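Chemist: Dropping the sequence and predicted coords here.
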Amino acid sequence: MNDKIRKIITAIQYFCACSPGINLILFLLLGYHIRLGLGHWPTPLFEDYSTFLFEAHLTVVDIMWLFAAVIAGPLWIVLAIVNYRKFRWKTLLVSIVCYLVSWGMVYVVWCADANDFVTWYFD
């Protein structure tokens, strides 16, 4: 395997590791999107906001949650196995730490939700 392919595989591995953090940013931007669209934070079980751009943003966030929760971990493992000949512990450890820290940030944001946006989102 040449170096160009190996660099692409490493980049995809880092994307998989950072996908929960990237999705957290998209999720927070979704919150600001609805906050600006409604003029206030949405009330769980009562508000239903729907515009074309919001629905597109929501679809991207949902697809990224699916990728981060279901696809990123196994894909990262497969790419680590494929890239085993030039295996570097630094790459492995940095990506594992990035993945765990990203999910930790997601957990903290969901637990510290002061405006009930997470409740509204899962409603």
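Modeler: Perfect, thanks for sending it. Residues are numbered from 1 along each chain as shown.
Chemist: got the contact list for the lowest-mean-pLDDT helix or strand in the chain?
Modeler: Ranking every helix and strand in the chain by mean pLDDT, DSSP states H and E puts helix 117-122 at the bottom, with a mean of 80. With contact meaning Cβ atoms under 8 Å, 6 or more residues apart in numbering, helix 117-122 is reached by 27, 30-31, 34, 41-44, 47, 109-110, 113. C-beta here means a position set from N, CA and C on the backbone, and glycine is covered the same way.
Chemist: can you give me the helices in this structure?
Modeler: Secondary structure of the chain (DSSP state H): helices located at 3-38, 52-66, 72-82, 89-111, 117-122.
Chemist: Just the buried ones out of the contacts of helix 117-122, please.
Modeler: Buried members of the contacts of helix 117-122, scored by 16 or more other Cβ atoms under 10 Å, are 27, 30-31, 34, 42.
Chemist: for those residues, which one is nearest residue 82?
Modeler: residue 27 (30.3 Å; Cβ to Cβ).
Chemist: check contacts around the residue lying closest to that closest one once chain neighbours are set aside.
Modeler: Leaving aside its chain neighbours, residue 27 sits nearest to residue 61 (5.6 Å; criterion: Cβ to Cβ, 6 or more residues apart in numbering). Neighbouring residues of residue 61 by Cβ under 8 Å, 6+ apart: 23, 26-27, 30.
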